[in-house]
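Q: kindly return the folded structure for what I paste below:
(2 chains)
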Number of protein chains: 2
Amino acid sequence: MAKSIEFWFDFVSPYAYIATQSIEQLAAKYDRTVAWKPMLLGAVFKSTGSSPLTMRPPVMADYFKHDFIRSAHFAGLPFVLPEPFPIATQNTARVCLWLQDIEPGRTGDFVRQVTRAYFTGPVALNDPAWLAQQISAMGLDGAAAEAACDDPHYKEALKAQCERAIAKGIFGAPWIIADEEAFWGNDRLPQLEKWLSQNGV
Amino acid sequence: MAKSIEFWFDFVSPYAYIATQSIEQLAAKYDRTVAWKPMLLGAVFKSTGSSPLTMRPPVMADYFKHDFIRSAHFAGLPFVLPEPFPIATQNTARVCLWLQDIEPGRTGDFVRQVTRAYFTGPVALNDPAWLAQQISAMGLDGAAAEAACDDPHYKEALKAQCERAIAKGIFGAPWIIADEEAFWGNDRLPQLEKWLSQNGV
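A: As a prediction, this is how the structure comes out:
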């Protein structure tokens, strides 16, 4: 069985969006699979006192807004900054966790589709009804996905996932762990690839 | 005459060190020169409330210390985190400004040599006597370089340079400007190269 790499992310992260679109291909090139780890940056940021990039001083926020677009285009992807941004993504993350329980092999499809929709929108990313539509469009049970948004089991699962992220020292997204080596940011994919090429399956 | 790209940096920045070693080669590939712009991150950080990466919460500082090494090795460069780190670099920056007045064509040599010495040291980076030795080793006037450290002209020049950096919205290093397009970080060199390849001299 192929060893996995962990991909920790928040559905609201522009740089995570960029990485989601190629990470499974990159992993497969080195006979790895991707373990998708949705989390909430809001919870993670609290542990280090960080803040969303677009809520920093204007000179920084303006740079990042431009860099999101340039970095997406550099990766060959479209990008439109959603409005409002950022938003809470707890329902999206819960549906992702639900999907991993019922159809784990489709998780990558869901993550790629939903992040791409959000960053080329407008779409109601975190709305349970919109999430149900996305799941239904995949031929899966949209009503069950919508129910997962308010299911105490998935609320608790997401909370526990955020706590695991903090315990691992994760402080941003995307955060990729291969063989306990941590890589922060879409811009570290070349270093991740070097790691994977030198460390067997 | 070749158009230049501006390379804004602090001699204490690990990621700037990595970029200094290749930026003139990259620029030359697209018929550009490099305008070296030494500045002080301490002054620049004040404008946005930023702090040195190794002085952030331990979980972040530890990540960056590891990332410095990995990023240097990824670029084929040696790296040893200096101790203490970070340090003030005002004398080094003043000698750099002095060198640009008397022998501008040697600035790149000086920047590469001094940053590489600092990040493979230990060396007394900001010590006027050590700086004089570096300049003498280049066949230039070490005593004059040492005098520049306390020269009100170069004190004022460095202060003005930092003010220009802040006025340009610079909030980190390395900060590269090509045709008014700003790129922050050694990890943006691939995007800079794309820019240079698509925007003529």
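Q: what's the first-to-last distance across stretch A:52-62?
A: Criterion Cα to Cα, to the nearest Å; first-to-last residue distance in stretch A:52-62 is 13 Å.
Q: which secondary structure elements does the helix or strand of chain A with the lowest mean pLDDT sit against?
A: Using mean pLDDT, DSSP states H and E, the weakest-scoring helix or strand in chain A turns out to be helix A:41-48, at a mean of 95. Helix A:41-48 is packed against helix A:152-167, helix B:58-74, with contacts defined by 3 or more Cβ pairs under 8 Å, 6 or more residues apart in numbering or on different chains; DSSP states H and E. (Each C-beta comes from the backbone N, C-alpha and C, glycine too.)
Q: quick one: low-confidence ranges for chain A?
A: Under the criterion of pLDDT under 70, the regions of chain A flagged as low confidence span A:1, A:201.
Q: chain B contacts on that one?
A: For chain A, the residues in contact with chain B (Cβ under 8 Å from any Cβ of the partner chain) are A:47-49, A:56-57, A:59-60, A:62-63, A:67, A:70-71, A:74, A:169, A:171, A:182, A:184-185, A:187-188, A:190-191, A:194.
Q: how many other residues sit next to residue A:35?
A: The number of residues packed near residue A:35 is 16, by other Cβ atoms under 10 Å in any protein chain shown.
Q: which phi and psi does it have?
A: phi -100, psi 110 (degrees, to the nearest 10).
Q: quick check: it vs residue A:194, distance?
A: Going from residue A:35 to residue A:194 by Cβ to Cβ, to the nearest Å gives 20 Å.
Q: now residue A:182
A: For residue A:182 relative to residue A:194 (Cβ to Cβ), the value is 14 Å.
Q: more neighbours: the two, which one.
A: Applying other Cβ under 10 Å to residue A:182 and residue A:194 shows that residue A:182 carries more neighbours, namely 19 against 14.
Q: quick check: beta-bridge partners of the more buried one?
A: Beta-bridge partners for residue A:182, by DSSP bridges, are residue A:177.
Q: thought it was touching residue B:63?
A: Yes - if you go by Cβ atoms under 8 Å, residue A:182 and residue B:63 touch, sitting 6.8 Å apart.
Q: what do those two both touch?
A: By Cβ atoms under 8 Å, 6 or more residues apart in numbering or on different chains, residue A:182 and residue B:63 have these common neighbours: residue A:169.
Q: about what we covered before: buried set for the least confident helix or strand of chain A?
A: A:41-44, A:47-48 (16 or more other Cβ atoms under 10 Å in any protein chain shown).
Q: right, I'll call it a day here.
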